[in-house]
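> with the sequence up front, the predicted model follows.
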Amino acid sequence: MLKTLRKIHRIGIVTEPAPAADESLRVREALQRRILDVMGRALCIRAVDAGSCNGCELEMHALGNPIYNIEGSGIRFVASPRHADLLLVTGPVTLNMRDALRRTYEATADPKLVVAVGDCGCTGGIFGESGAVVGRVANVIPVDVAIPGCPPNPARLLSGILAALSAGRVSSA
Amino acid sequence: MTLAKWFDAAAPVAGAPGVTGLAVDDDGWRGAAEDFAAAGGRLVALWAQGAESGHRAVFAALAASARVLVVELPLAAGESSAAHRYPGLQDLFPFANRMQRAAGDLYGVHSTDPDTRPWLRHAPGGASYEFVKVQGEGVHEIAVGPVHAGIIEPGHFRFSVVGEKVLRLEERLGYAHKGVERRFSQIGILDGHRLAARESGDSAVAYSWAYVQALEGQVEVEIPRRAAWLRALALELERLANHLGDLGALGNDAGFAFGLAQFSRLKEQLLRATEQCFGQRYLLDAVIPGGVRADVPAHAGAALERCVTGIAAEARELRDIFDEHAGLRDRFVGAGTVSCALAARLGLIGLAGRASGQAFDWRVDAPCRPYDELRPRKCGAAGGDVAARVAVRFDEAQESCRLALGILADLPPGAVQTRVPAPPADAFAIGVIEGWRGPVMIALSAGPGGSIRRCHPHDPSWQNWPALEHAIIDNIVPDFPLINKSFNLAYSGHDL
Ligand code: SF4
């Protein structure tokens, strides 16, 4: 226990301060304001892997590390689509996941936002479309924002989430 | 030795060290598998090809110590899938079941084994799949997935429980099936490493390296020494990043959020230093035919050296904290146990295998360049529980730090690429690289004009998913996320 406390004390808070040069943090501050403006509370995200290679998921995990600290910005990943404001969907959407993705979308309360993640989520990426792969997320459900990259880094993910909030589907709904 | 007769009859196969190949008939197929099973050997992979690849056939890669025999059983041409059922191997290697079913789904070649349910190909509209029913008083079923509560790949788990205790778990995979094998045959053979890397993004270096190892073997190209060392650096960074991520997540799943905060911080540091060196946080494009995409800038190498030195020291400190934490010990020790005997019978492999006494590591047992020079140490444990899989990750993380620092200190001078021509049609090779999860295998056949006739990627998760079904028995349902995470198996890598 003592070692743990000592370690906590020694490491301190590593969440990056907000120098103008740090792109990821500029995004985050703006993000928090935007979330409060639009939602008036925390933004709840449901992650859906509709068939990715797991690369995009690794960077989505990184959003939670102490350096990006999205929980501190008022974003939570939630365990059910019924609690979600936004679906963060990686692809390419496989044939075997198409119905599950559609059902998840239908189970999410309106108004809802959809962000497609990664080259595969945006276009089908290297997997394209075939008998096994339906391709980009927008082929299955309406998409508000698509974040390219293979995989997109955490800063880009944050920018994309912010763009979805600005896209106005929620506020206009 | 009974195996000598097989190896004597076989011809060398290009690519990974110690691989040989032999065409067999039904009796040879069964006979080789029986002899390898009797000698304590392992089935590395089983796959098939259809008529579009020249002729229908089924393949099995069998391993004994550091040698591999690839047996090919040609199958009769013809439309009817019942024309020729090849002898099943499930009684010898239990996990062959799913690979045989996958071969049936993808190529219409079927074994004689009784389980003929589809595996990767799901019925349209998600129509019913026959799960095994557990009967008895008070037994009920819990169905989870394919969409999970966290940021996790898709898969379905069907638990039969009494109270909180798990009587049986049945996995249903294939949700991430992307038809990669057919996709391979649509791209040029000199571009295939990019798709291989994306078979499982967390093991991109292992997959892309296994692919180019096969390709370079087909054209007998030796890459520059510096390029080989940089590939090993990339592979050890990939291993370290995944182990750091898993150690944090395992702490978190056992209620110790501090562990997640610390390890995810270290992982982020590592990814940033990796990006300075290779231009990417995750090395999906670092390995290319003939070498690596770019040299590591000297200043970035020095920064990485400082970063890894720091991580090694902090990981040691965090290990003490984990070891002394009564709550973690309580959750880790005895949870999700796969005994050494069961692991041997199930063919458990890779990291999870080494935590259950299965001391195989291709970097040590059959080292490709540069591991013959780097001489990694094999890590292992015998407990077979979550605690053992945590301990092996701690040990391997240290070992990867040691290897990375050694590479950075002694990086040989020279070029980082050499030219690789397209291989002649019909060239065949096998690549095997020990990724962080276990050995990744690529079977690559060249087509004419720089095309790919057939490429089969094999993930060690094929071996290890069935073991998870055993590991959870008699544990409680709330421990499943922890036990599952301690294996951390691939969905995409498995689902092809
Ligand atoms: S965009 Fe890249 S990292 Fe993301 S799922 Fe596709 S291949 Fe994987």
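Looks like it arrived, so ask away.
> confidence-wise, which helix or strand of chain A is lowest on average?
helix A:169-172 (a mean of 39; mean pLDDT, DSSP states H and E).
> mind telling me what element residue 160 is part of?
Since you didn't name a chain, this refers to chain A. Here A:Gly160, judged by DSSP states H and E, is contained in helix A:154-167.
> meant chain B actually
Secondary structure assignment for B:Ser160, by DSSP H and E: strand B:156-162.
> try B:Leu89
Under the criterion of DSSP H and E, B:Leu89 resides outside all helices and strands.
> wait, it sits on B:Arg42?
No. B:Leu89 is beyond contact range of B:Arg42, at 11.7 Å (criterion: CB atoms under 8 Å). All C-beta atoms are positioned from the backbone trio N, CA, C, and that covers glycine.
> neighbour-wise, which of those two wins?
Using other CB atoms under 10 Å in any protein chain shown as the criterion, B:Leu89 and B:Arg42 rank with B:Leu89 on top: 28 against 22.
> what's that one in contact with, if anything?
Counting by CB atoms under 8 Å, 6 or more residues apart in numbering or on different chains, B:Leu89 makes contact with B:30, B:33, B:43, B:46, B:60, B:96, B:100, B:111, B:113.
> next, work out how far apart the residue in chain A positioned nearest to chain B and B:Asp361 are.
Taking CB to the nearest CB, chain B has its nearest neighbour within chain A at A:Gly55, 2.5 Å off. According to CB to CB, to the nearest Å, A:Gly55 and B:Asp361 sit 25 Å apart.
> same check on B:Ile152?
For B:Ile152, the distance to B:Asp361 equals 27 Å [CB to CB].
> neighbour count winner among these two?
Ranked by neighbour count (other CB under 10 Å), B:Ile152 and B:Asp361 place B:Asp361 first, with 24 against 20.
> nearest spatial neighbour of that one, skipping sequence neighbours?
Nearest non-adjacent residue to B:Asp361, counting by CB to CB, 6 or more residues apart in numbering or on different chains: B:Lys378, 4.9 Å away.
> what is the burial count for the one you found?
The number of residues near B:Lys378, taken as other CB under 10 Å, comes to 14.
> wait, it touches B:Gly357, no?
No. Contact criterion CB under 8 Å: B:Lys378 and B:Gly357 do not qualify, at 12.0 Å.
> which phi and psi does B:Thr309 have?
Main-chain torsions, B:Thr309, degrees, to the nearest 10: phi -60, psi -40.
> any idea how far the closest residue to it other than its chain neighbours is from the ligand?
Distances taken as CB to CB, 6+ apart put B:Leu405 closest to B:Thr309, at 6.7 Å, once the chain neighbours are dropped. Note on B:Leu405: its distance to the ligand, by CB to the nearest ligand atom, to the nearest Å, is 28 Å.
> also B:Asp246?
Using CB to the nearest ligand atom, B:Asp246 is found at 19 Å from the ligand.
> that residue contacts B:Val392, correct?
No. Using CB under 8 Å, B:Asp246 makes no contact with B:Val392, being 10.6 Å away.
> quick one, strands of chain B?
Secondary structure of chain B (DSSP state E): strands at B:11-12, B:14-15, B:19-23, B:42-49, B:57-64, B:67-74, B:139-144, B:156-162, B:165-172, B:287-288, B:291-292, B:428-434, B:439-446, B:452-458.
> quick check: mean pLDDT of the fourth one?
When pLDDT is averaged over strand B:42-49, the result is 95.
> what's that strand in contact with?
For strand B:42-49, contacts defined as CB under 8 Å, 6+ apart pick out B:33, B:36, B:55-64, B:68, B:89, B:92-93, B:95-96, B:99-100, B:103, B:106-107, B:109, B:347, B:349, B:360, B:432, B:439, B:441, B:443, B:445, B:454, B:456, B:458, B:462.
> model confidence for residue 33, exactly?
In the absence of a named chain, chain A is used. Here the pLDDT value assigned to A:Arg33 is 70.
> I was after chain B.
B:Ala33 carries a pLDDT value of 95.
> next, count neighbours for residue 128.
Chain wasn't specified; assuming chain A. For A:Gly128, the neighbour count with other CB under 10 Å is 16.
> chain B is the one I meant
There are 7 residues near B:Ser128, going by other CB under 10 Å.
> list the contacts of it.
Taking CB under 8 Å, 6+ apart, we find B:Ser128 in contact with no residue.
> separation between the residue in the stretch 1-150 of chain B that chain A sits nearest to and A:Val48?
Closest approach between the stretch 1-150 of chain B and chain A, counting by CB to the nearest CB: B:Ala149, at 3.6 Å. Distance, B:Ala149 to A:Val48, using CB to CB: 11 Å.
> between these two, which has more neighbouring residues?
Neighbours per residue, other CB under 10 Å: of B:Ala149 and A:Val48, the larger number sits with A:Val48, 31 against 14.
> so which residues of chain A form strands?
Counting by DSSP E, the segments of chain A that form strands are A:43-49, A:75-77, A:86-90, A:93-94, A:113-117, A:133-135, A:145-147.
> which stretch among those strands comes nearest B:Arg158?
The closest of the strands of chain A to B:Arg158 is strand A:43-49. By CB to CB, the value is 19.2 Å.
> elements contacting that closest one?
The contact analysis (3 or more CB pairs under 8 Å, 6 or more residues apart in numbering or on different chains; DSSP states H and E) places strand A:43-49 against helix A:55-62, strand A:75-77, strand A:86-90, helix A:95-107, helix A:154-167.
> between the ones you listed, which one is closest to A:Ala132.
Closest to A:Ala132 of the helices and strands packed on strand A:43-49 is helix A:95-107 (CB to CB; 5.5 Å).
> for that closest one, what is the distance to the chain centroid?
Put simply, helix A:95-107 sits 17 Å off its chain's centre (CA atoms, centre = their mean, to the nearest Å).
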